[in-house]
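J.: With the sequence up front, the predicted model follows.
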Amino acid sequence: MSSVNDFDTAPDEYVDAKESSHNDKRHQKAELSEDQLNSKAPNENHSLFKGYSFFINTKPDAYGKKSDINSLTRLALSHEGTILDELPDSTSMTGEQRSKFYVVSPYNSTNLNTVTATYIKACCQNNTLLEAHDYLVPYDDFKKGEQNTNANEAEAKNDKNDKTDSIDSELVGNIQLQSMTAENTTPLQLNNSKEKNKKNRRSQKNKSPTVSYNKASFTEEEDEFILDVVKKNPTRRTTHTLFDEISNYLPNHTGNSVRHRYRVYLSKRLEFVYQVDSNGRLVRDENGDLIKTKVLPPSLKKKFTAQEDYTLAIAIKKQFYKDLYQVDPDSGSSLIMADDSPVMVAKRKVTMAPNHVPGTEPSFDSFKVLDRTGPLAREFFKSFSEKNTSHTENAWRDRFRKFILPYGIDAYIEYYDSEKAKGKEPEPMRNFTNRAVRVGPPTPGNYNSVNKRAKLNINEVRNAAAAAAAAASAHVGYTIPENELLDETTMKFISTIKNDIESQQNQQNFEYPQDIAEAIRQDFANEENQYDNLEIDVMEFPPAIASVDLFLPEFFRMGSVKVFVDKIQEIISRDYEPSQAEKLVQDLCDEVGVRKTFSTSVLTALSGDLMIFPRYFLHMFKENANPPTNVPGIWTPEDDIMLKNNKPQEIDILIQKHGKGRIEMRKRFVERDLI
DNA sequence: AGTCACACCCACACACCAG
DNA sequence: GCTGGTGTGTGGGTGTGAC
C-alpha cells in the first residue's frame, strides 16, 4: 500500500543516517539556520542530487512560505538537483525515473516517493545522499478508505505497483483537502527492526495500524479560543464531541489533540466558566451579559456512588416485598383494600407469592430477594427517578439490570451494611459490563484525523453550495452557523480562520440573472412609499417587542427608533463584500446592539436582501410582531411553507406579496439550504 | 531526552427499540 | 408494558511517536 516498497530498490549510494557520525541527525538538522544550510563546507559534494529531480509542494499548508520554498529550491539546485514546476505524469515514468524523483511535501497524496523537506536539508548538511527511508512520508489513502466498495480494486492496483492516472489525478483534490488538516494518516509498512517490534506489539493487542501525522503547535490564540468555548459550554467540558466541534475551527488539530490540549494544559488556566441553566444553556444578567462563576456545573453523565447503589437496591427490595406480600415494608400495614379495582386485583394475583396467607410474611429485614429479578414496572423507575434526580429513569434501570442483578440485591445490601458497620466506606459496584467488542466503527472517543477529514469532505461539498448561494444572496456569505455559545471574540477568531480558509479556496461566485435583480429593484422602488416611510418619530422607544433576547444594552441606549434606524441605514450602506456577512452581523451587534443570532435570522427572512433591512425593524416595532407579517420581502415561516407546497393558488398569493423576482430569489435560497 | 500533539482505550451512563 | 438487546458517546484516562 505505502510507497515504502518503492524504495527497496534504492541505489547503493544511499547512506543510512543512523550509521553516520552524528547521532539522531534529524533533530540537529531541523534546527539549523538557513545561513548554515546555505553555507558550503570546504569539501562539500556539490553533485549530491545529480540525476535527481524534486517537485516541491508549494501549497499553503505544505511549504507555503516563500522563504521555505526558496531555501529548498536553492539547496536542491546548488547540489545539481532538478526542480520540477509541476508534478510529472507518473504513468510515463520509467522505474529509474521513479527511483530518482521525489515529491517534497509534509504529506503524501500522490503515492509517489514523497520526502519531507528535512531530507534535502539533511543530505546537504551531511554532505551525502542519505537513506531516504527515515524521511519518507507514507501515502495517505484516505480516499481509498472512503470507497470501500472499490477497496479490492484499489488494493490490486497498488499491489501491482501500478500508479495509474486515477491516483495522480487525486493529487490536487487531496492537497486541497489536506490544506484543512495538514495531517497524514496511513497504515505503514515498516522496515526497520525497531518499528517492526512496535508493529508486532500492536498486532498482538489487536489494535489499529499505527498512523503517521504531522504535528502543529497550538498558538496562544488557539488556546484562548479553546478556553473560551469551554467557558461557554461548561457542561460539555469532559466530552469528546465538544473538542471535536472546536477542532472544526482549528484546521491543524484533531478533536483528540484539542481535547488532550485542554485536559493536560489548558484546564489549569480555566479560572471561571459562564453560568448555565439546568439544560446547559447560558444564562445572562439583566444587561444581557454572561455571568461568570467559579462553580462548575455537573457533567452530562454521573458515576453511580455506593450510596446510590444501596438506595436503589433497597427500593427494589421494598418493591418486591410489596409485590409478594401486599404489605407496606415501612408501616407493616396491608395494601389490600376492599374496594380495589378488578385490574388491581388481577395485577396482585400475578405478583403475589402463591398460597401466601396474609400475616405470615417475614419482616422486611429478614426478607431475602434471592433470585427474583422481576417483574419490575417501568413506573417503578419513573417514580424512583423523580425522587432520586441524580440519574435518569433509563440510567437507574440500566444500573439495576447491568450491576445490581449480576451482583445480587441481597449481596449488595449485605456488603454495604457490613462495610458501614465496620466504619468503612463501601464501594459502588464495578466491572459488570461485559458487552461484546463492537465491530465496525473505531473505539468511542477517538476523533482522529481520518474522522476529521471524512467530516470535512462532506462539509466542503455542503459549504461550497452554501457559499455559492450566499454570494448570490448579496450579503449572506457566512456559513458557519452562529452559535449562541460563542461570543464576539470567539466569532472574530473563527472569522479569521474562516477567511483564511476561504482565501485558499477557489470559490464559485454566483450571480442572480439580471432580470431577477431588476425585478427586485423595481418592486423595492414601488414599495418604498408604503412600507419604508413610516412615522418613526412617534414610535415609542424602546419598542415593546424589543426584548433582551434580541437586543443588547447598546440598543436600549439609542434613545429613539429614529436614531436606531439612521444608524442601521448608515451601516448597511457601507461597502460589504458578499463574503462579509459575518462582519455586517458583527457591526450590527457592536454598533446598534442587535444580537448576532437575531440579525442572522433577519437576514434569512430577507433572503439576504439588505435593502429592506430597516423595513424589517420598522414593521416589527409597528406591528409588535417578529417577523412582521404582510410586508413585501420579509418571508415568514408560513410563506416558506406555501412556497414549498408550490400550489398555484398559494404561489399567486406570494407573488402578490413579494413579487416574482423575490420568489425566484427565495427559491434559490431554499435550494441551497440557507433557510 | 523531554515535551506535547495526537491516537487510542474501555467501562459504563444513558438511550431507544423490538419482541 | 416488561424485558433484553444494543447503539451511542461520556469520562477518565494511557500509549505512541514527531519534533
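T.: Okay, I see it. Numbers count the residues shown, from 1 in each chain, chains lettered A, B, ... in the order given.

J.: Local confidence estimate at the closest residue to DNA strand C within chain A?
T.: Of all residues in chain A, A:G374 sits closest to DNA strand C, at 2.4 Å by CB to the nearest atom of the strand. (Glycine included, C-beta is placed from N, CA and C.) Predicted confidence (pLDDT) for A:G374: 76.

J.: what about it, distance to A:A315?
T.: As judged by CB to CB, to the nearest Å, A:G374 and A:A315 stand 14 Å apart.

J.: So the residue of chain A closest to DNA strand C: helix, strand or coil?
T.: Look at A:G374: counting by DSSP: H, G, I helix; E, B strand; the rest coil, its state is coil.

J.: if we can go back for a sec, between A:G374 and A:A315, which has more neighbouring residues?
T.: Remark: of A:G374 and A:A315, A:A315 carries more neighbours, 18 against 14, as counted by other CB atoms under 10 Å.

J.: how near is the more buried one to A:D309?
T.: Counting by CB to CB, the separation of A:A315 from A:D309 is 11 Å.

J.: all strands in chain A, in order from the N-terminus.
T.: Here chain A has its strands, by DSSP state E, at A:53-56, A:82-84, A:101-104, A:114-115, A:273-274, A:292-293.

J.: Deepest in the core, which of those is it.
T.: Mean neighbour counts were taken over those using mean count of other CB atoms under 10 Å, and the top value, a mean of 25, falls to strand A:114-115.

J.: Now do that one, average pLDDT.
T.: The predicted model gives strand A:114-115 an average pLDDT of 69.

J.: check contacts around A:Y265.
T.: By CB atoms under 8 Å, 6 or more residues apart in numbering, the contact set of A:Y265 is A:D223.

J.: Flag every buried residue along stretch A:524-544.
T.: Taking 16 or more other CB atoms under 10 Å as the neighbour-count basis, stretch A:524-544 is seen to contain the buried residues A:F524, A:E527, A:Y531, A:L534, A:I536, A:M539, A:F541, A:P542, A:P543.

J.: Verify the contact between the first one and A:G633 for me.
T.: Yes: under the contact definition of CB atoms under 8 Å, A:F524 touches A:G633, with a separation of 7.4 Å.

J.: which residues do the two both contact?
T.: A:M611, A:I612.

J.: can you list the weak-confidence ranges in the stretch 351-500 of chain A?
T.: Within the stretch 351-500 of chain A, the ranges that satisfy pLDDT under 70 run A:435-442, A:455-500.

J.: what about the helices in it?
T.: If you assign secondary structure with DSSP state H, counting those that start in this stretch, the helices in the stretch 351-500 of chain A sit at A:378-387, A:393-399, A:405-407, A:409-421, A:449-472, A:488-504.

J.: Looking at the record's assignment, how would you partition chain A?
T.: A:3-204, A:220-293, A:306-421, A:448-675 (automatic domain parsing).

J.: Out of those domains, which gets the lowest mean score?
T.: Comparing mean pLDDT across the domains of chain A, the lowest value falls on domain A:3-204: a mean of 47.

J.: neighbours of A:P234, just the number please.
T.: The burial count assigned to A:P234 is 23, neighbours taken as other CB under 10 Å.

J.: For the spatially closest residue to it that is not a sequence neighbour, give the beta-bridge partners.
T.: Closest residue to A:P234 in three dimensions, ignoring its sequence neighbours and counting by CB to CB, 6 or more residues apart in numbering: A:V273, at 3.8 Å. Residues in a beta bridge with A:V273, per DSSP bridges, are A:T293.

J.: Verify the contact between A:V273 and A:V283 for me.
T.: No: here A:V273 lies out of contact with A:V283, judged by CB under 8 Å, at a distance of 11.3 Å.

J.: how many other residues sit next to A:N233?
T.: Applying the criterion other CB under 10 Å, we find 21 residues in the vicinity of A:N233.

J.: Can you report phi and psi for it?
T.: With angles defined as degrees, to the nearest 10, A:N233 shows backbone torsions of phi -130, psi 50.

J.: From DNA strand B, how far out is it?
T.: Distance of A:N233 to DNA strand B, given as CB to the nearest atom of the strand, to the nearest Å: 17 Å.

J.: With A:E220 instead?
T.: 11 Å.

J.: DNA strand B is nearest to which of the strands of chain A?
T.: Evaluated with CB to the nearest atom of the strand, those place strand A:114-115 nearest to DNA strand B, the distance being 18.4 Å.

J.: Against A:F400, how distant is the closest residue to A:P428 other than its chain neighbours?
T.: Leaving aside its sequence neighbours, A:P428 sits nearest to A:A306 (CB to CB, 6+ apart; 4.5 Å). As defined by CB to CB, A:A306 lies at a distance of 15 Å from A:F400.
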